[in-house]
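Asks: Fold the following.
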Amino acid sequence: MATDLIPLLFTGVDDATTRLRERLAGLTTREYLWEPVTDVWTVRPDGDRWLVDAHERAPEPAPVPTIAWRLWHIASDCLATYASRSLGSWPLRVQGREWYGQVAPALEALDLAVATFRDRVTALGEDGVRQPLGPAWGPYADDSWAALVVHAQDELAHHGAEVALLRDLYLRLG
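Replies: Numbering: from 1, shown residues only. Below you'll find the predicted structure:
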């Protein structure tokens with residue numbers, strides 16, 4: 001009996017998303033923007049918009065990202081990018097280095113990015129997720145969509161755990 005690949009792949013994504021959303025319950029703007037050390041990447045006001053700190057060439061060691069920066073990275077830099085590179089239009093109201101200085105729209109964007117990524121990859125079907133990503137993916141062109149879902153799960157779990165740790169530290173040090 002063959003097991004469908006798509007539900008199996010998205011079990012990890014769904015579990016990591018659920019854990020992250022549970023850990024984000026009650027997040028305040030102060031905590032969202034909390035800078036635990038002096039050398040941080042965060043989201044800063046720039047006129048009438050907010051921009052994440054540049055991260056093109058990270059110094060060694062890299063600055064510590066705030067919760068706001070990490071949510072941008074998960075939702076916009078990863079999931080929305082994955083969902084739009086060759087599967088459809090950009091799903092979020094912000095793009096590039098733009099992000100939110102408030103919690104509610106950031107969480108809405110996170111939810112939208114996860115749902116869009118999930119829906120668009122699922123729409124590829126069982127055979128489609130086994131196909132290569134294609135030329136738009138540069139050095140990853142020969143990797144499968146299934147491999148991308150596994151990578152997305154890693155991003156959600158990895159950065160979700162970092163968000164959880166920052167929340168734990170904020171309760172004790174913030």
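Asks: got a list of what the residue most central in space within the chain touches?
Replies: By Cα atoms, centre = their mean, the chain has its centre lying nearest to Ile74, at 1.2 Å. If you count contacts by Cβ atoms under 8 Å, 6 or more residues apart in numbering, Ile74 has them with Leu20, Leu110, Ala113, Glu155, Leu156, His159, Gly160. From N, CA and C alone the C-beta is placed, and that goes for glycine too.
Asks: what kind of secondary structure is it in?
Replies: The local conformation at Ile74, judged by DSSP: H, G, I helix; E, B strand; the rest coil, is helix.
Asks: which of the contacts of Ile74 lies closest to Thr42?
Replies: Among the contacts of Ile74, His159 lies closest to Thr42 (Cβ to Cβ), at 14.5 Å.
Asks: So which elements touch the helix or strand harbouring that closest one?
Replies: Using DSSP states H and E, His159 maps to helix 145-173. On a contact count with 3 or more Cβ pairs under 8 Å, 6 or more residues apart in numbering; DSSP states H and E, helix 145-173 meets helix 5-23, helix 67-72, helix 103-122.
Asks: Give me the angle between the longest one and helix 5-23.
Replies: It refers to helix 103-122. Inter-element angle recorded for helix 103-122 and helix 5-23: 170 degrees (by axes from the mean of the first three to the mean of the last three Cα atoms, to 10 degrees).
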